[in-house]
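Undergrad: starting from these lines, generate the structure:
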Amino acid sequence: MRHLFSDPAPGAGTSRRTVLALACASLATLPLLSPTRAAAAPSRVSGLDDPAKKEIAMQLVSSAENSSLDWRAQYRYIEDIGDGRGYTAGIIGFCSGTGDMLDLVELYAERVPGNVLAPYLAALRRVDGTDSHEGLDPGFPEDWRRAADDPAFRGAQDDERDRVYFGPAVRQGQADGLRTLGQFAYYDAIVMHGGGSDPLGFGSIRERALGRARPPAQGGDEVTYLHAFLDERVWAMRQEEAHSDTSRVDTAQRVFLDAGNLDLDPPLDWRVYGDSYHIG
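TA: Predicted coordinates:
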């Protein structure tokens, strides 16, 4: 993989941002279960939304996206990775071309009027849906990194991640009767594929899995259903060159599933792109 970080965290390995055609879900593909922007993570502690398990989820995703367990080092990240989505930035890959970066900067402006990114709002609205940098260059990347020093901006990133990706995944997983690992499998899929119903989106992956097995909420076996879901996830990944390495499923999530660790209880050992990781 090519090294794509312009501002790597100390000790971070080679970036996997090429597999991050990722989040950057367009507004048309936002999860159907997403609440309004005022809401963040689910309030009920159950499964992946337990704070300790949520921290594990962030580390697991970061191992795939950033080759590091230090997901908090990614607030400052920003780069155009050449995937047609403009700038990709932050802890979940907000993109200037797909609307989620605009939503984030609008939220930050609501919370901190006149912040360093507020002058770019008009440009972000113009470039939405394109890969253009018009009105953003040359200062936007450095100003993004400056904004990331502000706890309010880091909090806004957290809240948008939870609103658009984490919260919908956990709620759908809970509705399907899935435990922590299944909820994480949903979250990782929404992060990479977006939450919509296009053929490679999370909704379609789930629908194909439901055609093969029933989840616990419908009286099915959880392990059987999760294998079906991961099979469909792998198929979707292989349809795009940027996602063709499926180790984040094969030697991570599938390892936990085969071990019967449906609650994602540490210790956890897994591999992504040939690199080994451990959570004790």
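Undergrad: ok, now which ones touch Arg254?
TA: Taking CB atoms under 8 Å, 6 or more residues apart in numbering, we find Arg254 in contact with Leu230. Every C-beta, even on glycine, is put in place using the N, C-alpha and C of the backbone.
Undergrad: which SS class is it?
TA: With DSSP: H, G, I helix; E, B strand; the rest coil as the basis, Arg254 sits in helix.
Undergrad: what separation do you get for the residue nearest the centre of the chain and Arg254?
TA: For the chain, the residue sitting closest to the mean C-alpha position, by CA atoms, centre = their mean, is Val191 at 2.9 Å. Distance, Val191 to Arg254, using CB to CB, to the nearest Å: 17 Å.
Undergrad: what strand or helix carries the residue nearest to the centre of the chain?
TA: Take DSSP states H and E as the rule and Val191 turns out to sit in helix 180-193.
Undergrad: what packs against that helix?
TA: On a contact count with 3 or more CB pairs under 8 Å, 6 or more residues apart in numbering; DSSP states H and E, helix 180-193 meets helix 51-66, helix 167-175, helix 202-210, helix 222-238.
Undergrad: quick one, it and helix 202-210 angle?
TA: For helix 180-193 against helix 202-210, the angle by axes from the mean of the first three to the mean of the last three CA atoms, to 10 degrees is 130 degrees.
Undergrad: report the rounded mean pLDDT for helix 180-193.
TA: Confidence over helix 180-193 (mean pLDDT, whole number) is 95.
Undergrad: relative to the whole chain's centre, how far out is it?
TA: How far helix 180-193 lies from its chain's middle: 8 Å, per CA atoms, centre = their mean, to the nearest Å.
Undergrad: what's the answer for stretch 155-164, then?
TA: Worked out by CA atoms, centre = their mean, stretch 155-164 lies 11 Å from the chain centre.
Undergrad: could you list the buried residues of that stretch?
TA: 156-164 (16 or more other CB atoms under 10 Å).
Undergrad: ok but Asp269 is inside a strand, no?
TA: Yes - under three-state DSSP, Asp269 falls within a strand.
Undergrad: farthest residue from the center of this structure?
TA: Gly219 (29.1 Å).
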